[in-house]
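> turn this into a model:
(one chain, ligands or ions: 2)
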Amino acid sequence: MSKKTPQAIRGTQDIFGADAEAFAFVVETFERVRRLYRFRRVEMPVFEKTEVFARSLGETTDVVSKEMYSFDDRGGESLTLRPEFTAGIARAFLTNGWQQYAPLKVATHGPLFRYERPQKGRYRQFHQIDAEVIGAGEPQADVELLAMADQLLKELGIADVTLHLNTLGDAESREAWRAALIDYFRAVKDQLSEESQERLEKNPLRILDSKDPRDKPFLADAPKIDAFLSEEASAFFAAVTSGLDAAGVKWVRAESLVRGLDYYRHTAFEFIPDEGSASAAALGTQSTVLGGGRYDGLMESLGGAPTPAVGWAAGIERLAMLVGAAEDAKPDDWTVAVIPVGEGVELEAQRIVAAIRSERIPCEYAYRGNMKKRMQKASAAGARYVFILGDEEFAQGVVTVRDMRSGEQAPMQLSWIPQGVLDLLFENTGAEHSGEKLPSLAERLGSPPPRA
Ligand code: ATP
Ligand code: MG
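Ligands and ions are numbered 1, 2, ... in the order given. Modelled structure (predicted):
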């Protein structure tokens with residue numbers, strides 16, 4: 001009887017190839033940008049006591065009521081795989097006494113788990129990058145976070161995604177708006193979708209977010225938050241928008257944008273692909289790439305002192321879908337490959353490979369198969385130059401260099417490695433920048449400069 005290979009769990013992904021490169025590019029860019037904005041790195045547990053999420057996210061949200069992966073551990077305690085970062089970071093802020101660092105700017109990334117219906121851009125294990133500012137009630141904190149998100153998207157090369165911005169007001173404004181929404185939707189309750197009917201009393205803000213065609217006709221005329229904003233809440237929102245303008249962050253007002261979670265106050269936002277753009281086409285119906293807002297009410301729900309905070313999270317897979325094509329096409333001018341021809345030169349080739357890599361030049365060592373296979377490997381690695389070392393060359397103290405673009409070949413002194421490899425690559429990049437034409441490869445390799 002043959003043994004059947006177990007399949008991966010539905011909604012999980014094995015990320016490989018161009019997708020994995022794009023994923024890594026998103027994470028690396030995020031790490032670079034978070035350092036620019038001086039956010040500190042944190043590593044958080046993947047699971048927490050269920051109450052961390054149940055209390056902070058509120059029992060009425062989709063995440064808590066339907067999407068959590070919860071289980072009892074062997075001690076009978078209910079634990080949950082994190083469906084988001086914010087609640088765990090807030091828990092850590094309280095249990096570790098991180099108040100001493102407030103305002104605390106932290107960033108992290110990693111896997112999250114939600115029991116959702118898997119589809120393109122929506123998984124049961126997915127990954128987020130996340131940034132939070134805890135202990136800052138100033139609108140400048142909102143602006144800094146949004147500027148960081150905006151710069152991240154630009155550095156990822158994503159230009160057709162726009163910040164949609166709203167305010168949910170302070171607790172008082174939000175309560176008044178909520179009551180008005182309940183009145184408004186109650187009058188047409190029978191015509192709403194089942195889901196919206198269910199949400200009506202518990203979480204009427206979420207109805208504004210509905211994509212159901214039965215709800216849509218009623219959304220345009222629903223009461224707007226602006227009519228209920230306290231003077232303070234209006235002033236706060238004005239400070240955020242003028243700060244964004246000063247920082248050069250483009251935004252549009254989205255009056256019906258709400259966040260799914262109960263703890264949000266004031267600023268709420270999402271970055272959404274522009275209609276008809278390439279990013280919109282790439283994402284399909286899962287359109288939001290980055291979302292967040294101010295959650296001044298969260299710490300109290302976890303038993304802490306009132307602590308203002310603001311944050312955002314973005315799906316790495318969704319961002320990777322937007323950068324995927326661009327990243328894949330980028331040639332890597334800094335890769336080289338070394339090919340040994342014959343067993344007698346393998347150790348010398350190994351020495352060359354180590355010397356090149358120690359100069360931080362990406363290097364592929366093509367040691368398998370016949371010469372043709374080895375050249376194919378070098379080419380697939382995107383090598384700009386290939387260094388071919390045979391017995392004869394080795395005996396003469398040289399290696400054959402092949403320029404993979406022009407097809408030129410010429411010998412290089414072995415003693416000139418690794419500096420010669422660096423010089424070759426630098427010369428190349430320099431010439432490409434200035435538009436000047438380089439002398440032939442043979443001339444360039446013919447007379448290495450005297451070693452200092
Ligand atoms: P959605 O409306 O798409 O369900 P959400 O409001 O649940 O999003 P957040 O909790 O704000 O999303 O998470 C922030 C980001 O994480 C989203 O904008 C999206 O990019 C990503 N994300 C959320 N859920 C998933 C998922 N199941 N699979 C992949 N990415 C996700
Ligand atoms: Mg969701």
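
> in stretch 270-283, what's buried?
Residues 270-273, 277, 279-280, 282-283 are the ones in stretch 270-283 that count as buried (16 or more other C-beta atoms under 10 Å). Where you see a C-beta, it was placed from the backbone N, CA and C, and this is true even at glycine.

> now swap in stretch 283-293 and tell me
Neighbour-count burial for stretch 283-293, counted by 16+ other C-beta under 10 Å, picks out 283, 287-293.

> picking up where we left off before, report the two of the buried residues of stretch 270-283 separated the most.
Taking C-beta to C-beta as the measure, those span a maximum distance of 16.7 Å, between E270 and A282.

> what about the closest residue to ligand 1 within the stretch 301-450 of the chain, how many neighbours?
Here the residue of the stretch 301-450 of the chain nearest ligand 1 is G315; by C-beta to the nearest ligand atom that distance is 2.6 Å. Using other C-beta atoms under 10 Å, G315 is surrounded by 23 other residues.

> tell me the bridge partners for it.
Q128 (DSSP bridges).

> for it, what are its contacts?
Applying C-beta atoms under 8 Å, 6 or more residues apart in numbering to G315 gives the contacts 121, 126-128, 289-290.

> heading C-terminal from the helix or strand hosting F394, find the next helix or strand.
Using DSSP states H and E, F394 sits within helix 391-396. Later in the chain than helix 391-396, the nearest helix or strand by DSSP H and E is strand 398-403.

> and whichever helix or strand comes after that next one with strand 398-403, angle?
Sequence-wise, the next helix or strand downstream of strand 398-403 (DSSP H and E) is strand 409-413. Put simply, strand 409-413 runs at 140 degrees to strand 398-403, going by axes from the mean of the first three to the mean of the last three C-alpha atoms, to 10 degrees.

> shaky segments in this protein?
Judged by pLDDT under 70, the chain has its weakly predicted residues at 1, 59-61, 65, 260-262, 324-332, 447-452.

> if we use 80, what do you get?
The model of the chain has pLDDT under 80 over residues 1-2, 56-65, 259-263, 285-286, 324-333, 432, 447-452.

> returning to what we had before: would you reformat the contacts of G315 as JSON lines and include distance to ligand 1?
JSON lines is the format used below for these (distance: C-beta to the nearest ligand atom, whole Å):
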{"residue": "G121", "distance to ligand 1": "6"}
{"residue": "F126", "distance to ligand 1": "3"}
{"residue": "H127", "distance to ligand 1": "8"}
{"residue": "Q128", "distance to ligand 1": "5"}
{"residue": "V289", "distance to ligand 1": "5"}
{"residue": "L290", "distance to ligand 1": "6"}
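
> and E348, how far from L389?
Computed with C-beta to C-beta, to the nearest Å, the distance linking E348 and L389 is 6 Å.

> can you name the residues bridging to P340?
For P340, the beta-bridge partners under DSSP bridges are L389.

> next, count neighbours for it.
Applying other C-beta under 10 Å, we find 25 residues neighbouring P340.

> so it makes contact with A349?
Yes. P340 is within contact range of A349, at 3.7 Å (criterion: C-beta atoms under 8 Å).

> need the CA coordinates for stretch 8-20. CSV is fine.
Below are the C-alpha coordinates for stretch 8-20, written out as CSV (Å, rounded to 0.1, in the frame of the first residue of the first chain):
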residue,chain,number,x,y,z
ALA,A,8,-1.3,21.5,3.2
ILE,A,9,-4.0,23.1,5.3
ARG,A,10,-6.7,25.0,3.4
GLY,A,11,-5.9,28.7,3.3
THR,A,12,-2.2,28.3,3.9
GLN,A,13,0.4,28.9,1.3
ASP,A,14,3.9,27.6,0.4
ILE,A,15,5.5,30.8,-1.0
PHE,A,16,8.2,30.2,-3.6
GLY,A,17,10.0,31.7,-6.6
ALA,A,18,9.0,35.2,-7.7
ASP,A,19,6.3,35.4,-5.1
ALA,A,20,8.8,34.7,-2.3
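
> mind listing the helices for the stretch 301-450 of the chain?
Using DSSP state H, counting those that start in this stretch, the helices of the stretch 301-450 of the chain run over residues 316-329, 346-358, 371-380, 391-396, 419-434, 441-446.

> export stretch 433-446 as CSV, just CAs?
Provided in CSV are the C-alpha atoms of stretch 433-446 (Å, rounded to 0.1, in the frame of the first residue of the first chain):
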residue,chain,number,x,y,z
HIS,A,433,25.2,55.9,-15.2
SER,A,434,27.3,58.3,-17.3
GLY,A,435,26.3,56.8,-20.6
GLU,A,436,30.0,56.4,-21.6
LYS,A,437,31.1,53.4,-23.7
LEU,A,438,33.5,51.0,-22.0
PRO,A,439,36.8,49.8,-23.6
SER,A,440,36.7,46.1,-24.6
LEU,A,441,36.7,43.5,-21.9
ALA,A,442,40.2,42.4,-22.9
GLU,A,443,41.6,45.9,-22.5
ARG,A,444,39.9,46.3,-19.2
LEU,A,445,41.3,43.0,-17.9
GLY,A,446,44.7,43.3,-19.6
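
> what comes into contact with that stretch?
So stretch 433-446 is contacted by 401, 403, 406, 408-412, 420, 424, 427-428, 431 (C-beta under 8 Å, 6+ apart).

> got it, and stretch 116-127?
9-13, 23, 67, 69, 109-115, 283-286, 315-318, 321.

> not counting its neighbours along the chain, what's nearest the spatially most central residue of the chain?
Nearest to the mean C-alpha position of the chain, by C-alpha atoms, centre = their mean, lies I316 at 3.8 Å. In space, and not counting its chain neighbours, I316 is closest to H127: 4.1 Å by C-beta to C-beta, 6 or more residues apart in numbering.

> tell me the residues of the stretch 251-400 of the chain that contact ligand 1?
With C-beta under 6 Å from any ligand atom as the criterion, the stretch 251-400 of the chain meets ligand 1 at residues 260, 286, 288-291, 313-315, 317-318.

> quick one on the thing from earlier: quick check, nearest of the buried residues of stretch 270-283 to ligand 1?
E270 (6.8 Å).

> on that earlier part again, out of E348 and L389, which sits in the busier spot?
Neighbour totals were compared for E348 and L389, and L389 leads with 22 against 16 (other C-beta under 10 Å).

> and that one, how far from G342?
In this view, L389 and G342 are 9 Å apart by C-beta to C-beta.

> would you format the contacts of stretch 433-446 as a markdown table with distance to ligand 1 included?
As requested, the contacts of stretch 433-446 are exported to a markdown table (distance: C-beta to the nearest ligand atom, whole Å):
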| residue | distance to ligand 1 |
| --- | --- |
| V401 | 46 |
| D403 | 43 |
| S406 | 44 |
| E408 | 47 |
| Q409 | 48 |
| A410 | 50 |
| P411 | 53 |
| M412 | 49 |
| G420 | 46 |
| L424 | 42 |
| E427 | 43 |
| N428 | 39 |
| A431 | 42 |
